[in-house]
Every structure is written in C-alpha cells, then in structure tokens.
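> dropping a prediction and its sequence here:
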Amino acid sequence: MTFARIPFIILALVSLFITFPDVEQIIQDPMIILNVPSFWVFILISVPVIVWYIALMYNGLKVSTGVNGSKLIIGFILGLLVAEIISKLLIYFII
C-alpha cells in the first residue's frame, strides 16, 4: 500500500508551483479559485495520478490475495468504501 502512494509525489512536486488567491479572497468569493489557471493544471494532473493510485492498490490486492474475477472487484470496492467511511467517522469523532 505504501508503494501505491508513490504517484502522490508527482502531486507534491506540482503543488510547489501552484499559486492560490489569499484566504480572505476565497472566503469572500469561493468561485475565485476557478479563475486561477494553475489550479486547473493541478486538477488535470491530479485525476490521472488518482486513477494510477487506485490501479496500483487494485493490483496490490490482486497479487497479495491471489483472488480473481468478480470476487476481487467486489472485495476491492467494498474495502475502499468501508475504509473511507471508517476514516471519515474517525476524523469526525476525533476532531
């Protein structure tokens, strides 16, 4: 799972060159962020990186469990959903 997160290094490097408006401007007009071209570049780079991350997680599960077919797909989707729900609940109750 750690190896699957390696593509996020690309996003970390790209984020060094992204400029955002001041927080006060975003609070006054949240839609101002859509007018920043570097934000759109970041979004266009983020989508393939996230897809790559999910593909690496899927292949990692396939290799580590040895399961194939619909059982693997259903297990992967359920695992992602349960992990997301648990993480959001923990964040909500801790904060």
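All right, it came through fine.
> can you report how many residues lie near the nearest residue to residue 53 once chain neighbours are set aside?
What sits nearest to residue 53 in space, not counting adjacent residues and going by Cβ to Cβ, 6 or more residues apart in numbering, is residue 7, at 5.3 Å. For the C-beta atoms, the positions are set from N, CA and C on the backbone; glycine is no exception. Counted with other Cβ atoms under 10 Å, the burial measure for residue 7 works out to 17 neighbours.
> how about residue 7, what does it touch?
Residue 7 makes contact with 49, 52, 53, 56 under the criterion Cβ atoms under 8 Å, 6 or more residues apart in numbering.
> could you redo the last one with a cut-off of 7 Å?
Contacts were defined as Cβ atoms under 7 Å, 6 or more residues apart in numbering; by that measure residue 7 touches 49, 52, 53.
> filter those residues to the buried ones?
For the contacts of residue 7, a neighbour count by 16 or more other Cβ atoms under 10 Å gives the buried set as residue 53.
> now pLDDT too, for the contacts of residue 7, in TSV please.
Shown next, in TSV, are the contacts of residue 7 (pLDDT from 0 to 100):
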residue	pLDDT
49	95
52	95
53	94
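> please flag which of the contacts of residue 7 sit within helices.
49, 52, 53 (DSSP state H).
> re the thing from before, backbone dihedrals for the residue nearest to residue 53, please?
Backbone geometry at residue 7, expressed as degrees, to the nearest 10, gives phi -60, psi -20.
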